[in-house]
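Visitor: Sequence and predicted model, in that order:
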Amino acid sequence: MILTVTPNPAVDHTIHFDEPLQTGVVHRTDDAVFTAGGKGINVAKYVSALDADVTASGFLGGHFGKFVRDRLDADGIASDFVTVDADTRLNTTVLAEDGEYKLNHNGPQIRAADVDELVETAQANEPDTLLVGGSLPPGMSLADVDRLARAGDWQIAVDMGGEHLAELEADYYVCKPNRSELAAATGRTVETEADAVEAAEELHARGFEYVLASLGADGALLVTDSEVLSAPALDVEVVDTVGAGDAVMSGFLAAREHGLSDADALRMGVLTASRVVGVAGTRVPNLEDVLTNETHVEVTTVRSR
Ligand SMILES: O=P(O)(O)OC[C@@]1(O)O[C@H](CO)[C@@H](O)[C@@H]1O
């Protein structure tokens, strides 16, 4: 079973305008959606749609926390959250004619006792794989993430900012940096695929068994102990890119849960992301063809190691 831990969940508010945003103007629209979000929660939603056994955990509080919990219940996704006193945040994505604006709140204050309860919750669930996804709310530190990594007999996946990846100390199963996170984690300039491969290999050498690098329109890379694999992005219509990285991680984790190969895990990650970018916000798209593998994605070996 996969347990996703989202330290900083959110209600994702995605609102769309057919005009560029301007200061001093009231923009109005009927086109808005609210979804349960935060990186780990998105992974729980996508992994569940990919038929893997998953439970969502993390901290929830207040009215927005109730919204997130209710949405997951309604979608039939098992959850086991720690309830906190402060309010879960609301994050807004504005899709306007002049681009995609992402406005994230830092999140509620977490107490040391909340973190203790989170570790106990993880232990009680006995997952095979534990994923920590997204930012840390005030009051939670990277040492707490290392503590979660070491608190049980599980493989641990992380999807966090690059500067955080650089500071984690435990041994990790997989991380999923994007281009700028690869750069932040290694201090390298990451422009070409060769730059991305070198940065991902450096992270692998620092204790990540798999490095799954999501490169947007350039697809994704997977560094393993024995090889570097590459998969191109699919040519699809993009509504917005929110949740795309979570989808890459989801495809990878679901494939591993189904016992598939490294190449199939990379393929499933890229395919899941190509479906997620086609829907607004962090809604769950139809992932049927990802499961049946009927859409072809060419995975190539960049090099053997
Ligand atoms: O502020 P964080 O935790 O880094 O990111 C949170 C977030 O932007 O990431 C998800 C998309 O990946 C959204 O569901 C959510 O709003």
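Guide: Happy to help now that I have it. Worth saying up front: this structure is predicted, and the values here are computed from it rather than measured. Numbering: from 1, shown residues only.
Visitor: Check what contacts the worst-scoring helix or strand of the chain on mean pLDDT and list those residues.
Guide: Ranking every helix and strand in the chain by mean pLDDT, DSSP states H and E puts helix 288-292 at the bottom, with a mean of 87. Applying Cβ atoms under 8 Å, 6 or more residues apart in numbering, the contact partners of helix 288-292 are Leu50, Asp51, Gly251, Met268, Leu271, Thr272, Arg275, Thr295. No exception for glycine: its C-beta is placed from N, CA and C like everyone else's.
Visitor: can you put these in TSV and add pLDDT, distance to the ligand and neighbour count?
Guide: Output for the contacts of helix 288-292, formatted as TSV (pLDDT from 0 to 100; distance: Cβ to the nearest ligand atom, whole Å; neighbours: other Cβ atoms under 10 Å):
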residue	pLDDT	distance to the ligand	neighbour count
Leu50	97	17	24
Asp51	96	22	13
Gly251	97	14	32
Met268	96	18	28
Leu271	96	18	27
Thr272	97	13	28
Arg275	95	15	23
Thr295	84	23	13
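Visitor: how about those residues, which pair is most distant?
Guide: Pairwise distances across the contacts of helix 288-292 peak at 16.7 Å for Asp51 and Thr295 (criterion: Cβ to Cβ).
Visitor: Thr300 - nearest residue in space that isn't next to it in sequence?
Guide: Ser230 (5.3 Å; Cβ to Cβ, 6 or more residues apart in numbering).
Visitor: Following the record's annotation, map out the domains of this structure.
Guide: 1-21+31-127, 161-304 (the TED database).
Visitor: want to throw these into a markdown table with distance to Leu148?
Guide: A markdown table is the format used below for the domains of the chain (distance: least, Cβ to Cβ, whole Å):
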| stretch | distance to Leu148 |
| --- | --- |
| domain 1-21+31-127 | 6 |
| domain 161-304 | 9 |
